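S.K.: any chance you could fold what I've pasted below:
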Amino acid sequence: MLAQDSTANPTGHTEDAAPDQQTAVDKALVLLKSLAEHDREIGVSELARRTQLTKSTAFRLLGILQRNDVVERVGSRYRLGSRLFDLGTRAYGPTPLLLREQLLPYLADLYELTHETVHLAVLHDTEIVYVNKIQGHRPTRSPARIGARLPAYCTGVGKALLAFDHDAAELAIAEGLAARTEHTITEPDLLRAEFGRIRQDGLAYDREESAPGLACVAVPIMGAAGRPVAA
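M.R.: This is a model prediction of the structure:
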């Protein structure tokens, strides 16, 4: 259990008296987020500087996280622990993990036919979550990675799912269609027309709408109820 921290800072005031009133749990999460932002091990001094925590607070919390296997120590540096990977695979409930396992052979078949990068994604509110990926031979500058979330309205897989979910599509439109590139569809009526074409053709496209230079084609994967469960 992480108790509320009251470590004094050099000014003589306790950190609990800081304006943001961070708890120890807040600070532990800040440490984890900072570790996740870098693909290398980080020392406690650098972590404390990046998170604006005192070094003693950062060191104490890292010790707690290490004992719970969510942080690993490598020499005098730290990285995310193996327990986080196990927890991450269970994010969004059991369905994405089940779909990932059941549909992997079909992703592999599609990859063998095209040798292009293949993604599997599910809809989460108005965003899509990438639950599996097979990297193609050609490098792609894609924001998609396993676990990543992107707005559904500007991705091929996302549009393939929104086209068959009227409530989610209208919610996405109501939240605003921000332009990620100059090709992103930002007009509600144009996007609704796009959804109509997707329902008719069964195919969705991302024409450099989520990232410059990236084009995708997507198809919805229908479940037993005749509604898409993934794309």
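
S.K.: pLDDT weak spots in the chain?
M.R.: Within the chain, the ranges that satisfy pLDDT under 70 run 1-21, 89-94.

S.K.: switch the cut-off to 80
M.R.: 1-22, 38-39, 82, 84-97, 139-144 (pLDDT under 80).

S.K.: for the spatially most central residue of it, give me phi and psi.
M.R.: Centrality entry for the chain: nearest residue to the mean C-alpha point is Ala148, 2.4 Å, by C-alpha atoms, centre = their mean. In terms of degrees, to the nearest 10, the main-chain angles of Ala148 are phi -70, psi 150.

S.K.: if we ignore the residues flanking it in sequence, what's nearest it?
M.R.: Tyr130 (5.2 Å; C-beta to C-beta, 6 or more residues apart in numbering). Quick note: C-beta positions are derived from backbone N, CA and C, even for glycine.

S.K.: quick check: that neighbour is in a helix.
M.R.: No: secondary structure of Tyr130 (DSSP: H, G, I helix; E, B strand; the rest coil): strand, not part of a helix.

S.K.: partner residues bridging it?
M.R.: Under DSSP bridges, the beta-bridge partners of Tyr130 are Ala121.

S.K.: my read: it touches Thr117, true?
M.R.: No: using C-beta atoms under 8 Å, Tyr130 is not in contact with Thr117; the gap is 11.0 Å.

S.K.: more neighbours: which of those two?
M.R.: For Tyr130 versus Thr117, neighbours defined as other C-beta atoms under 10 Å are more numerous around Tyr130 (21 against 18).

S.K.: by contact count, what packs against the top helix by length along the chain?
M.R.: The residue-count maximum for a helix in the chain (DSSP state H) belongs to helix 94-114. If you count contacts as 3 or more C-beta pairs under 8 Å, 6 or more residues apart in numbering; DSSP states H and E, helix 94-114 packs onto strand 118-124, strand 127-134, strand 228-230.
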